[in-house]
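# Using only what follows, build the 3D model:
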Amino acid sequence: MLVKLLCAVCLCVILGLVAASSKENVALLVPVTSKGFDRNIEMEYMYLFTHLVASLQVAITEADYEAYQISLYLAIDSGDSVYDRKGAGKELQKLFSSHLPRVSFKLLRLDHHSQKIAAIWNKLVQRAFSGKRPNDYFIFLSDDAVVESEGFVGNIVTTLADNNNFGVVAFHEKHKYAKAGSWPTFPCFHRTHLEIFGADAAFDPVFVNSYVDIWISDVYRAFKSDVILPEAIILNTVGGQESPRYNPTFPGWDTYIAAVERGRRRVAAYLSSLPSERIETIPAMCGRLTAATVDATGETEEEEEDLRFRWSPRELSYGPEGYHYADYCRQAAGCIP
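Prediction:
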């Protein structure tokens, strides 16, 4: 009897492990700072728990947990007066175990990264893509944000999967000044993006802390693969334009446009290297395959058509489709009054 009971327990454990291993892995990537808080504050009263985690308790649904293995990667600055004080790591682990027990918590401590949001995001991606089971999907958040859409994880993953995991999906932000959902913030992508740009360079290193989220959408916009998702609504309660918790650094229009065009060329080169059957699984790329030019001698006429994604530099240049094209014209070229 005891043997049968033990076998049944072992079977349940094995089945549980198999079920967990079959789930796709989703990483929630969050930089945090204690800027503006008293160093003696209780951790549970930080924005991380009063805003973001409180919203995730509702926004991550049972269906999300059933379909995905969700991990939250937290990046802290070394020397942070609250998040890097003595015993902070254990305190954070305890709070996450209490508030989000089914979300795996990972802590990343960074030196010399204060206010360098783009570099922090790159480090978070690199960490989330390492190990025996790299994450499949990457969702960026901030500690002071409130996610208002229940099931946002599944909504984002499904939208990416519908385009064969190519491109970028941004949250629909309730912006303080601009029309809600008019600017792509908090980007999300599949590991396909890392196949193109590398696990250590998900975002162009020319960016410090501003325009990086718009840059990635500008890159994929040339391929009709950028989405601002109404089923993933987010409210940036403290940061953003009104009261940023860092000093915004814009690299300049020439640098920004060069970064967008550089990214587009990299994506185009990746698509050009794929076999036609894989390109055809990306809905946004339908109609972009062309046959190879036949040799003047006609020797290749009887060969099977070589269908490839083909592009010209002009197609990938920064033009009217850019999110900041009007601003660029107005401030840099003077072509708009």
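
# Which stretches in the stretch 101-250 of the chain count as helices?
Along the stretch 101-250 of the chain, the stretches classed as helices by DSSP state H, counting those that start in this stretch are 117-128, 152-162, 192-197, 212-221.

# Any chance of TSV for the ones you listed, columns distance to D306, mean neighbour count and mean pLDDT?
Backbone N, C-alpha and C define where each C-beta goes, glycine included. Putting these into TSV (distance: least, Cβ to Cβ, whole Å; neighbours: other Cβ atoms under 10 Å; pLDDT from 0 to 100) gives the following:
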stretch	distance to D306	mean neighbour count	mean pLDDT
helix 117-128	34	22	94
helix 152-162	28	20	98
helix 192-197	22	19	98
helix 212-221	26	24	96
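
# Quick one, which of these gets closest to T61.
When the helices of the stretch 101-250 of the chain are compared by Cβ to Cβ, helix 152-162 sits nearest T61, at 7.4 Å.

# Where does the prediction get shaky in the protein?
Filtered on pLDDT under 70, the chain yields the residue ranges 1-21, 176-177, 239-246, 292-305, 332-337.

# So which residues make contact with whichever strand or helix holds Y328?
Here Y328 sits within helix 325-328, counting by DSSP states H and E. Contact with helix 325-328 is made by 253, 256-257, 318-319, 322, 336, as judged by Cβ atoms under 8 Å, 6 or more residues apart in numbering.

# and the nearest residue in space to R278 that is not next to it in sequence, how far is that from G89?
The shortest distance from R278 to any non-neighbouring residue, by Cβ to Cβ, 6 or more residues apart in numbering, is to N164 (8.0 Å). Per Cβ to Cβ, to the nearest Å, N164 is found 39 Å from G89.

# The two: which is more packed in?
Neighbour count, other Cβ atoms under 10 Å: between N164 and G89, N164 has more, with 18 against 15.

# my read: that one touches C286, true?
No: at 11.2 Å, N164 does not count as touching C286 under the criterion of Cβ atoms under 8 Å.

# I'd guess I257 is in a helix, am I close?
Yes: according to DSSP: H, G, I helix; E, B strand; the rest coil, I257 belongs to a helix.

# Now do the same contact list for it.
I257 neighbours (Cβ under 8 Å, 6+ apart): 318, 322, 328.

# any idea which of those is the one closest to S182?
G322 (14.0 Å).

# for the residue lying closest to that closest one once chain neighbours are set aside, what are its contacts?
What sits nearest to G322 in space, not counting adjacent residues and going by Cβ to Cβ, 6+ apart, is D218, at 5.4 Å. Going by Cβ under 8 Å, 6+ apart, D218 touches 226, 260, 263, 318, 322-324.

# Could you identify which of those residues has the most neighbours?
Highest count within these by other Cβ under 10 Å belongs to V260, 27 neighbours.

# What distance do you get for that residue to N209?
Distance from V260 to N209, by Cβ to Cβ: 18 Å.

# same thing with A59?
A59 is 25 Å from N209, by Cβ to Cβ.

# How about the backbone phi and psi for the closest residue to S114 other than its chain neighbours?
With sequence-adjacent residues excluded and distances taken as Cβ to Cβ, 6+ apart, S114 is closest to D77, at 4.9 Å. Here is the backbone geometry of D77 (degrees, to the nearest 10): phi -80, psi 130.

# D77 touches D84, doesn't it?
Yes: between D77 and D84 there is a contact at 6.8 Å, judged by Cβ under 8 Å.

# In terms of packing, which of the two has more residues around it?
More neighbours surround D77 than the other of D77 and D84, with 22 against 14 (other Cβ under 10 Å).

# That one pairs with what?
L110 (DSSP bridges).

# List the residues that contact it.
Here D77 is in contact with 33, 83-84, 110, 113-114 (Cβ under 8 Å, 6+ apart).

# That one and T281, how far apart?
D77 is 41 Å from T281, where distance means Cβ to Cβ.

# just I257 next, same as before
Computed as Cβ to Cβ, the I257 to T281 distance reads 31 Å.

# All set now, cheers.
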